[in-house]
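1. next input, structure requested:
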Amino acid sequence: MTLADVIKQFDKVVVRHQIFWNCLDEIDRSTWVLEPENPRRKDNARRIALGNNSSVQIIVNPLHPTHLPECRFLGADKVVKPLRDNMNKSVHLWNTSHSILHNLQALMEITFPSQISSKKEDFCLECSICYLYRLEGEIPDKVCEFPACSKPFHQACLYEWLRSLPTSNQSLTKYGFKNIYGECPYCSQPITARLEDK
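-> Next comes the predicted model:
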């Protein structure tokens, strides 16, 4: 194999990944990406702000960048359940000739907050226990379900908070998760935290 052959192969790989990069560039330009904070070409996941202390994490397959990405909704169930339901009932309408961003907004029946219409600070809410946005690389991903509260928490902070209360109950699942049930530190409504064994 000559150097010219290696360069040709490299060029083919770059061309094949260009659609993937274009899709993610559109998301980076048109939405508030919460994670990764400074996306790089190797990053195939984005956590996109939806508003109301909620977000969607997408993982895009670089070999099939216009196909439906893996999606994980984060936030209070009252906020994300309607979006998840909209997406599930319309998933058959996913059109690979449109961008990921266009498809996601169409299926969820929303317009993502943009850098033009809002400030990133509107979505970067710190944990209501430790008062940090980032803790060991993680951002708050648990929200109190009570509509009048909706405080955001890091899973680890909430888990430790609930663990310290004598009224909380713990359980261990067969999948290696420890669940703890207790009361929200702010509104005293029921709340659950989950810690994965590492």
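2. for stretch 145-158, the averaged confidence score.
-> Summarised as a single mean, pLDDT over stretch 145-158 is 88.
3. no, scratch that, I was asking about stretch 133-141
-> On average, stretch 133-141 scores 83.
4. buried ones in that stretch?
-> Of all the residues in stretch 133-141, those buried under the rule 16 or more other C-beta atoms under 10 Å are 133, 135, 139-141. C-beta here means a position set from N, CA and C on the backbone, and glycine is covered the same way.
5. and stretch 71-87, by the same measure?
-> Using 16+ other C-beta under 10 Å as the test for burial, stretch 71-87 gives 71, 73-76, 79-80, 83-84, 87.
6. what do you get for stretch 148-155?
-> So stretch 148-155, judged by 16+ other C-beta under 10 Å, has buried residues 149-155.
7. try stretch 178-195
-> By 16+ other C-beta under 10 Å, the buried positions in stretch 178-195 come out as 180, 182-187, 191-193, 195.
8. the helix or strand of the chain with the lowest mean pLDDT - contacts with which helices or strands?
-> Counting by mean pLDDT, DSSP states H and E, the chain has its least confident helix or strand at strand 169-172, which shows a mean of 80. Using 3 or more C-beta pairs under 8 Å, 6 or more residues apart in numbering; DSSP states H and E as the contact criterion, the elements in contact with strand 169-172 are strand 177-183.
9. show residues contacting the strand it packs on.
-> Strand 177-183 has contacts (C-beta atoms under 8 Å, 6 or more residues apart in numbering) with 159, 161-163, 165, 167-173, 189-197.
10. one more time with 10 Å, if that's ok
-> Contacts of strand 177-183 with the rest of the structure, by C-beta atoms under 10 Å, 6 or more residues apart in numbering, involve 144, 158-173, 188-197.
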